[in-house]
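Undergrad: give me a 3D structure for the following:
(one chain, ligands or ions: 1)
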Amino acid sequence: MKYLENIERFAREWPDRTAVRASTGMDLTYRGLWAASEALAAQVGARVERGVPVIVYGNKDPFMVVCLLACMKAGCPYVPIDGSSVPPQRTASIAAQISASMKGDTGAEAPLVLAVGAFPRCEEMPPVDVIEHRAIGDLVAAAGHSDRERWIDGEDLAYILFTSGSTGAPKGVEVTAACFDNFCEWDLELVRAHTAGFEGGPVWLDQAPFSFDLSVFELAGALGGGGALYSLAAETQLSMAAQFAALKESGAGIWVSTPSFAELCLANADFDQNAMPDLKLFVFCGETLPNATAARLLERFPRARVLNTYGPTESTVAVTAVEVTAEMAAGAEPLPVGSPRLGTRIRIVDEEGRAVPAGTFGEVVIEGDTVARGYFGRPDLTARAFGEAMLDGTAVRAYRTGDEGCLDAEGMLHFRGRLDLQVKLNGFRIELGEIESHLRRLPEIAAAAVAPVYRDGKISHLVAHVVPSAPLQDTPFRVGLALKERLAEFLPHYMIPKKVAFHESLPMTGNGKLDRRALTEKK
Ligand code: AMP
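TA: As a prediction, the model looks like this:
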């Protein structure tokens, strides 16, 4: 795998250069990162057969990066689970899916977990083989070498990333080593084309959890290009003051985040080029970049440029990009999401899958060399969304995104929204159906629908509309609170509706379907 080979070369040529630094103070040089991941890969290889997924549990910590590389070197796809947002039962559901896939394969059924954070326990957790933080420390301190024959390559899986699934359980997107390498190459080209003069590789801001594929932007770009990751630890992100101090201290040259995170930072009047003098490029992905946000950033950071990029986890982070100029940001038109990278073709199709002419809206289909293999253990879901295509004489995979968009005459993609019940809240991908299915499983609920509330064209929060199966025994506020607590057992905090509204019945359309439009608030 080119990515691993590049890191190996940097470790040889610039061993003392920083590879990963965390806001908690801990750091690792390229030599340290390479040696630690070699030693851990030897241990993973001794415990797990090649190709078997390994859970990497924790938050932003240089050890997480050691674990991710160790898995790649041991030939095992890593499954990142963010310790600060994923509750135990959801972790158990992911572990159970991996465990089920192992049955019959190797005889072993307990997935290996590299727990950089304290691994949670709950009744639903299947047997797991957990290596706790301290033990990982001991293992990486022991000398050891990976078996190069086991390194992932080509169609081997690099990672399986679990995202919200509409039927109630998270679904795992299978990204191959080739997808990773192909994305990495474009990532670096993009940054080189929009920045100049980074001596010895830039520092990349690492803010998104590793279980959100946005983090692959910096993971691939920083280490694949000889730069450094500056990781904002979860505890740093809890306090605005600590976070701002960390941003100032980071020396970051490249900013990668959702627009929502940048908006949060913009609320601080001191967040500007003086605070981050080295910042040259903002890279956004994952949700709509509002014109006003881009305009304010360009004003406050006169030496920085802004890129809007677009793509789903199913096609490895991002596949289109466009530089947002001050003129575009000042315009009335929503910002485009970019033109496709080399190796990707975007098609817009109608409901029958037929291509529509330029300027017409339809479903966005992505074809190319970064389209994932499918959904882990779910051939049914894979068949529904993935297909095949020919691109420049080569067979590639295709993915129907469920996004509504159009290509203009210049081949620039414009995004209009979703064709289904997936939403983005603060950059987090949420299937409303997943929240609903958990609500409907509760005996005290007869019917449920979750709807977004929009403020200034952006989702500000979610509301759960429920019909109770019996008259409420307490105030609606207290019953609502109890329902939210039940949901928090299964769902990450960002998927818990802010409010619960009780109804005698849910609104219906003329043909007897749930009237979601009537439930969606726009302010
Ligand atoms: P995820 O898999 O979490 O990266 O979410 C992918 C989805 O986020 C896409 O299918 C889009 O619906 C949305 N998305 C990604 N990038 C953008 C963007 N630049 N503008 C608007 N929506 C975006």
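Undergrad: flag the shaky bits of the stretch 1-150 of the chain, pLDDT-wise.
TA: Residues of the stretch 1-150 of the chain that meet the criterion pLDDT under 70 lie in 104-108.
Undergrad: how about the strands in it?
TA: For the stretch 1-150 of the chain, strands defined by DSSP state E, counting those that start in this stretch occupy the ranges 18-22, 27-29, 54-58, 78-82, 112-115, 129-131.
Undergrad: which residues of the stretch 101-250 of the chain lie near the ligand?
TA: Residues of the stretch 101-250 of the chain lying close to the ligand by CB under 6 Å from any ligand atom are 163, 213. Any C-beta I mention is one placed from the backbone N, CA and C, and that applies to glycine too.
Undergrad: tabulate the strands of the stretch 1-150 of the chain in CSV, adding columns for mean neighbour count.
TA: Listed next are the strands of the stretch 1-150 of the chain as CSV, based on neighbours: other CB atoms under 10 Å:
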stretch, mean neighbour count
strand 18-22, 24
strand 27-29, 19
strand 54-58, 25
strand 78-82, 25
strand 112-115, 24
strand 129-131, 17
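Undergrad: nearest to I445, out of those?
TA: Distance to I445, taken as CB to CB, is lowest for strand 78-82 among these, at 27.8 Å.
Undergrad: how big is the angle separating that closest one from strand 54-58?
TA: Strand 78-82 and strand 54-58 are oriented at 20 degrees to each other (axes from the mean of the first three to the mean of the last three CA atoms, to 10 degrees).
Undergrad: do strand 78-82 and the ligand come into contact?
TA: No - remark: strand 78-82 sits outside contact range of the ligand, by CB under 6 Å from any ligand atom, the gap being at least 13.0 Å.
Undergrad: what packs against that strand?
TA: Contacts defined by 3 or more CB pairs under 8 Å, 6 or more residues apart in numbering; DSSP states H and E place strand 78-82 against strand 54-58, helix 62-74, helix 88-102, strand 157-163.
Undergrad: redo the ones you listed as TSV? Include distance to A409.
TA: Shown next, in TSV, are the helices and strands packed on strand 78-82 (distance: least, CB to CB, whole Å):
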stretch	distance to A409
strand 54-58	45
helix 62-74	42
helix 88-102	44
strand 157-163	33
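Undergrad: thinking again about what came up before, quick one, which of the strands of the stretch 1-150 of the chain is nearest to L442?
TA: strand 78-82 (24.7 Å).
Undergrad: can you list the neighbours in contact with that closest one?
TA: Applying CB atoms under 8 Å, 6 or more residues apart in numbering, the external contacts of strand 78-82 come out as 53-59, 64, 67-68, 71-72, 91, 94, 98, 158-162, 172, 209-212, 492.
Undergrad: what is the orientation angle of it with helix 62-74?
TA: Strand 78-82 and helix 62-74 are oriented at 160 degrees to each other (the same axes, to 10 degrees).
Undergrad: off-centre distance for strand 78-82?
TA: 11 Å (CA atoms, centre = their mean, to the nearest Å).
Undergrad: please save the CA atoms from it in PDB.
TA: Taking C-alpha atoms only, strand 78-82 is exported to PDB below (Å, rounded to 0.1, in the frame of the first residue of the first chain):
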ATOM      1  CA  TYR A  78      -9.800  -1.300  11.300                       C
ATOM      2  CA  VAL A  79     -13.200  -0.400  12.600                       C
ATOM      3  CA  PRO A  80     -13.000   3.000  14.400                       C
ATOM      4  CA  ILE A  81     -15.400   3.600  17.200                       C
ATOM      5  CA  ASP A  82     -15.400   7.000  18.800                       C
END
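Undergrad: going forward, the N-terminal residue is numbered 23.
TA: Shifting the count to begin at 23 puts that one at strand 100-104.
Undergrad: just checking, next helix/strand downstream of the longest strand seen in the chain?
TA: Across the chain, the longest stretch assigned as strand under DSSP state E is strand 416-429. For strand 416-429, the following helix or strand on the C-terminal side (DSSP states H and E) is strand 435-440.
Undergrad: so what strands line up beside the helix or strand that that following strand is followed by?
TA: Per DSSP H and E, the first helix or strand lying C-terminal to strand 435-440 is strand 444-447. Using DSSP bridges, the strands paired with strand 444-447 are strand 450-453 (antiparallel).
Undergrad: how about the partner strand, does it reach the ligand?
TA: Yes - residues of strand 450-453 contacting the ligand under CB under 6 Å from any ligand atom: R451.
Undergrad: from L241, how far out is A263?
TA: Note on A263: its distance to L241, by CB to CB, to the nearest Å, is 27 Å.
Undergrad: quick one: which of those two has more around it?
TA: Higher neighbour count among A263 and L241: L241, with 29 against 9, using other CB atoms under 10 Å.
Undergrad: what sits against the more buried one?
TA: 87, 90, 228, 232, 251.
Undergrad: widest-spaced pair of those residues?
TA: Maximum distance among the contacts of L241 (CB to CB): 12.0 Å, for L90 and D228.
Undergrad: what about the two, which has more around it?
TA: Between L90 and D228, counting by other CB under 10 Å, D228 is the more crowded of the two (29 against 23).
Undergrad: roughly how far apart are the more buried one and E257?
TA: For D228, the distance to E257 equals 15 Å [CB to CB].
Undergrad: same question, G433
TA: Per CB to CB, G433 is found 44 Å from E257.
Undergrad: quick check: buried residues in stretch 211-223?
TA: Within stretch 211-223, the residues that count as buried by 16 or more other CB atoms under 10 Å are 212-213, 216, 220, 223.
Undergrad: of those residues, closest to S337?
TA: L212 (15.3 Å).
Undergrad: quick check: which of the buried residues of stretch 211-223 has the minimum pLDDT.
TA: Across the buried residues of stretch 211-223, the bottom pLDDT score, 80, is held by F220.
Undergrad: wait, doesn't that residue sit right on G248?
TA: No - here F220 does not reach G248: they are 9.5 Å apart, not a contact under CB atoms under 8 Å.
Undergrad: and the strands in the stretch 423-545 of the chain?
TA: 435-440, 444-447, 450-453, 467-477, 480-490, 521-524, 543-544.
Undergrad: ok now stretch 386-396, how far from the chain's centre?
TA: From the chain centre to the centre of stretch 386-396 is a distance of 16 Å (CA atoms, centre = their mean).
Undergrad: no, scratch that, I was asking about stretch 499-506
TA: 30 Å.
Undergrad: flag every buried residue along that stretch.
TA: Neighbour counts over stretch 499-506 (16+ other CB under 10 Å) mark 501-502, 505-506 as buried.
Undergrad: stretch 425-442 now?
TA: For stretch 425-442, by 16+ other CB under 10 Å, it's 425-429, 434-437, 441.
Undergrad: roughly how far apart are the closest residue to the ligand within the stretch 73-222 of the chain and D235?
TA: Residue nearest to the ligand within the stretch 73-222 of the chain: T185 (5.8 Å; CB to the nearest ligand atom). Distance, T185 to D235, using CB to CB: 8 Å.
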